[in-house]
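Colleague: Take a look and give me a structure for this.
(one chain, ligands or ions: 1)
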Amino acid sequence: MRTPLQHKLKEVQQQKRALLATNYYNFETLKGVLTAAKSANSPIILQLTESSIKYMGLENALEMGRTGLDYFGVEGWIHLDHGGSTALVKQCIKAGFDSVMFDGSELPLEENIRLTREVVQMAQSFNINVEAELGYVAKLGQSTEKTEYTTPEDAALFVNETGVNALAVAIGTAHGFYKKEPKLDFERLQEIAAATDVPLVLHGGSGVPAESVKKAVKAGICKVNVATEIKNIFMKTLQQLLKDNSEIDLRKVFPPATEAVKQLVESKLEIVI
Ligand code: 13P
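Modeller: Numbering: from 1, shown residues only. Here you go, the predicted structure:
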């Protein structure tokens, strides 16, 4: 029996550690992530975005992750990353996800609370984890100039009103690569952690220096999300390999890219373990 993710997050919270959450896009990126988790003997959260679900098909994407965890013998959970509508979130809950994120961060606070509460109520009967987001963590293509950091007061109110299991906070990270090194607001993070007992989530993990991630974990982050660096290393490795290369056996071309993902994820696991 798999430990429900909400319990595992509480466990790592007490140990001042974090779980790594990585996105997968196809079999090769999934294999890279899972072989890394296996070799590090570490649990892992496997994340699917709406685009990846559309690309692979919901049941197929879920089963790929599930079968992969069993096949490679890794403790892990399948999580919906940035569910933008309650309809998608509910579809994933019913399909058998272990965890869902409802992202109402761009909605007015009251609306975010109302919809998150609705998701929490549904998820409770399936005993699955619910993550939500408060504040502005720029998504790919959004301005990183705008800052709307999570306040401890809003975080406490939001958690009390919704009963959410995990909260993604805005403390200076953004999705995608950074133009300059991100400066995280550790003081704010500590205040949020003191104001609420819910495990906190760091989005936009790609490009955040290892030392900052470690500091964030000590200050209350229990889940660290990494996506862009995985896509990047996979595609950059392939692009390099395919330069002046007429190989058509894809089984010979993909393995070095999969191996590059493995090495990347191993290095990320070392930071949070
Ligand atoms: P990056 O793509 O910046 O690593 O962010 C990942 C993430 O937070 C997914 O929700």
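Colleague: which stretches of the stretch 51-200 of the chain form helices?
Modeller: 58-72, 86-95, 109-124, 152-162, 186-195 (DSSP state H, counting those that start in this stretch).
Colleague: Including mean pLDDT, could these go into TSV?
Modeller: Converted to TSV, these look like this (pLDDT from 0 to 100):
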stretch	mean pLDDT
helix 58-72	98
helix 86-95	98
helix 109-124	97
helix 152-162	98
helix 186-195	98
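Colleague: want to try CSV for those, with distance to K38 as columns?
Modeller: Bear in mind the C-beta positions are built from the backbone N, C-alpha and C, glycine included. Listed next are the helices of the stretch 51-200 of the chain as CSV, based on distance: least, Cβ to Cβ, whole Å:
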stretch, distance to K38
helix 58-72, 5
helix 86-95, 25
helix 109-124, 29
helix 152-162, 34
helix 186-195, 31
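Colleague: Chain neighbours aside, what residue packs nearest to C222?
Modeller: Distances taken as Cβ to Cβ, 6 or more residues apart in numbering put P199 closest to C222, at 3.6 Å, once the chain neighbours are dropped.
Colleague: what about the one you found, neighbour count?
Modeller: A count of nearby residues for P199, using other Cβ atoms under 10 Å, gives 26.
Colleague: pretty sure it contacts A166?
Modeller: Yes. Counting by Cβ atoms under 8 Å, A166 is a contact partner of P199 at 4.8 Å.
Colleague: Which residues are in contact with each of these two?
Modeller: L9, C222, K223 (Cβ atoms under 8 Å, 6 or more residues apart in numbering).
Colleague: Packing partners of the biggest helix by length in the chain?
Modeller: The longest helix of the chain (DSSP state H) is helix 250-272. Judged by 3 or more Cβ pairs under 8 Å, 6 or more residues apart in numbering; DSSP states H and E, helix 250-272 is in contact with strand 19-23, helix 27-40, helix 210-218, strand 221-226, helix 228-242.
Colleague: Centre of the chain to it, how far?
Modeller: Centroid displacement of helix 250-272 relative to its chain, using Cα atoms, centre = their mean, to the nearest Å, is 17 Å.
Colleague: Same question for stretch 152-159.
Modeller: Computed by Cα atoms, centre = their mean, the chain-centroid distance of stretch 152-159 equals 21 Å.
Colleague: What residues of that stretch count as buried?
Modeller: By 16 or more other Cβ atoms under 10 Å, the buried positions in stretch 152-159 come out as P152, D154, A155, A156, L157, F158, V159.
Colleague: Between the helices and strands packed on helix 250-272, which one is closest to H79.
Modeller: Closest of the helices and strands packed on helix 250-272 to H79 is strand 19-23, at 6.4 Å (criterion: Cβ to Cβ).
Colleague: Return, as residue ranges, the portions of the stretch 101-250 of the chain with sub-threshold pLDDT.
Modeller: Along the stretch 101-250 of the chain, the model assigns pLDDT under 70 to no residue.
Colleague: Up against the ligand, what does it have?
Modeller: H175, G176, H203, G204, G205, S206, N225, V226, A227, T228, E229 (Cβ under 6 Å from any ligand atom).
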